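> dropping the sequence and predicted coords here.
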Amino acid sequence: MKLKTKFLLILVAVITVVSSCSKDDYDAEKQLAVDDALIVDFIAKNNIPAIKHSSGLYYQIITPGDGASVTAASTVGVVYTGKLLNGTQFDQATNTVSFRLSGVIPGWTIGVPLIKVGGRIRLIIPSTLAYGNESPGAGIPKNAVLDFTIDLHNAQ
């Protein structure tokens, strides 16, 4: 009986240690503050006349567009370039690609409706409105602030 009790205590201790090691200390509010400082520094160094949205997203309307308005539920056709703050390009669409705004990262869902069809916008997206504490694949590390320039060609 004593051996079983010791075994169970050791097993519980090992499980506790292993589970505590696998916990992620990610704090979205703390990360947003870190991202915000990075973005403020980036826009100052690059003289970008960006506006801060209440969500934490920064944007620059380059061309407002004069076509149809879009919403988060719209399907949009866009051409875009995505970069990290260090200038590394991780994605680009040189031909129009279409997708629902409700199916992309929150930074796009919030930012693209700030312009109309025919417009161009620059979105500087904190990681909390992008991929957060996850890396979606090669080229975008976890907690990455993303810098997109987006041309809105059409919407449905």
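Thanks, I have it. Residues are numbered from 1 along each chain as shown.
> next one, pLDDT for residue 6 please.
The score at residue 6 is 45. That number is its pLDDT.
> now for residue 63: which residues touch it?
Residue 63 sits next to 115, 118, 119, 120 when contact means C-beta atoms under 8 Å, 6 or more residues apart in numbering. (Glycine included, C-beta is placed from N, CA and C.)
> pop out the phi and psi values for the first one.
Same thing as residue 115. Backbone torsions of residue 115, given as degrees, to the nearest 10, read phi -120, psi 170.
> how about it, what does it touch?
Residues counted as contacts of residue 115 (C-beta under 8 Å, 6+ apart) are 61, 63, 64, 65, 121, 152.
> need these in TSV with secondary structure, can you?
Below are those laid out as TSV (DSSP: H, G, I helix; E, B strand; the rest coil):
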residue	secondary structure
61	strand
63	strand
64	coil
65	coil
121	strand
152	strand
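> of these, which is the nearest to residue 104?
residue 152 (13.1 Å; C-beta to C-beta).
> doesn't residue 25 fall inside a helix?
No - in this structure, residue 25 is coil, not part of a helix, as judged by three-state DSSP.
> among the contacts of residue 63, who's most crowded?
residue 115 (23 neighbours; other C-beta atoms under 10 Å).
> tell me which element residue 54 is part of?
Using DSSP states H and E, residue 54 is not contained in any helix or strand.
> mind listing what it touches?
Residue 54 neighbours (C-beta under 8 Å, 6+ apart): none.
> could you check the pLDDT of it?
For residue 54, the pLDDT comes out at 97.
> for it, give its distance to residue 112.
Here residue 54 is placed at a distance of 16 Å from residue 112 (C-beta to C-beta, to the nearest Å).
> report the buried members of the contacts of residue 115.
61, 65, 121, 152 (16 or more other C-beta atoms under 10 Å).
> nearest to residue 108 among the residues you listed?
Once C-beta to C-beta is applied, the member of the buried ones among the contacts of residue 115 that ends up nearest residue 108 is residue 121, at 9.9 Å.
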